[in-house]
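Visitor: Please find the sequence and the predicted model below.
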Amino acid sequence: MTAQERAHAVAHWLLCAAEDVEAAQRHWREGGAALLACGRLFAAIRLPGHLLRAAAGTRNPGELDAYVWGALEGGPVIADPHADHYYALTPASTAWSLGDKGPGGVAVLGRGCYLGVPSPFPEVPQLRAYWAVPMESAGELCDPRLVRRLVQRGVSCLAAVDANAR
């Protein structure tokens, strides 16, 4: 399967979460993000940038993306550098209840939440959000246990920095 065929399969799968498929496709063509409903096909775990930078030990965006790719074993992650958040896409059935806010500002976006998802086509320039870790296959998501481990590492690293600052 070619990269273009994979991107089409991923796009088709993601568009199943769009309430307005034509609008979502238009947003993608224009370089924007399509607003997709969480809780149907996938959930999204919002990870604050400062938490991931602490876990990775770097402020370099390319190095951070590579670290996240390794930590989540290639599971798909969307980055929004303007809001300083990353979104790990996990199964919709993710039973990780954090309430509104988890440790370090982590939150789970499920039913009733929407996420701006950039185009899965690499040739489309992204205006705001981008795939820090692209979705390689339709339906391939992050393992929530790996996301939890990454969050725990970030919280531990932040606590160590805080303790050293005292």
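Guide: Ah, there it is.

Visitor: Downstream of the strand or helix carrying A88, the next helix or strand is which one?
Guide: Here A88, judged by DSSP states H and E, is contained in strand 85-91. Moving toward the C-terminus from strand 85-91, the next helix or strand (DSSP H and E) is strand 107-109.

Visitor: got the angle between the lengthiest helix in the chain and strand 85-91?
Guide: When the chain is scanned for its longest helix (criterion: DSSP state H), the result is helix 144-165. On the basis of axes from the mean of the first three to the mean of the last three CA atoms, to 10 degrees, helix 144-165 is oriented at 150 degrees to strand 85-91.

Visitor: what residues does helix 144-165 touch?
Guide: Identification of contacts with helix 144-165 by CB atoms under 8 Å, 6 or more residues apart in numbering yields 45, 47, 50-52, 54-55, 57, 68, 71-73, 75, 88, 90-91, 94-96, 102-104, 106. All C-beta spots, glycine's among them, are computed from the backbone N, C-alpha and C.

Visitor: export the lowest-mean-pLDDT helix or strand in the chain as CSV, just CAs?
Guide: The helix or strand of the chain with the lowest confidence, counting by mean pLDDT, DSSP states H and E, is helix 144-165 at a mean of 87. Provided in CSV are the C-alpha atoms of helix 144-165 (Å, rounded to 0.1, in the frame of the first residue of the first chain):
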residue,chain,number,x,y,z
PRO,A,144,-3.8,4.2,26.8
ARG,A,145,-1.3,2.5,29.2
LEU,A,146,1.6,4.1,27.3
VAL,A,147,-0.1,7.5,27.5
ARG,A,148,-0.5,7.0,31.2
ARG,A,149,3.2,6.0,31.5
LEU,A,150,4.2,9.1,29.6
VAL,A,151,2.0,11.4,31.8
GLN,A,152,3.5,9.8,34.9
ARG,A,153,7.0,10.4,33.6
GLY,A,154,6.2,14.1,32.9
VAL,A,155,4.6,14.6,36.3
SER,A,156,7.7,13.0,38.0
CYS,A,157,10.1,15.1,36.0
LEU,A,158,8.2,18.3,36.9
ALA,A,159,8.1,17.3,40.5
ALA,A,160,11.9,16.8,40.5
VAL,A,161,12.5,20.2,38.9
ASP,A,162,10.2,21.8,41.5
ALA,A,163,12.0,20.0,44.3
ASN,A,164,15.4,21.1,43.0
ALA,A,165,14.2,24.7,42.8
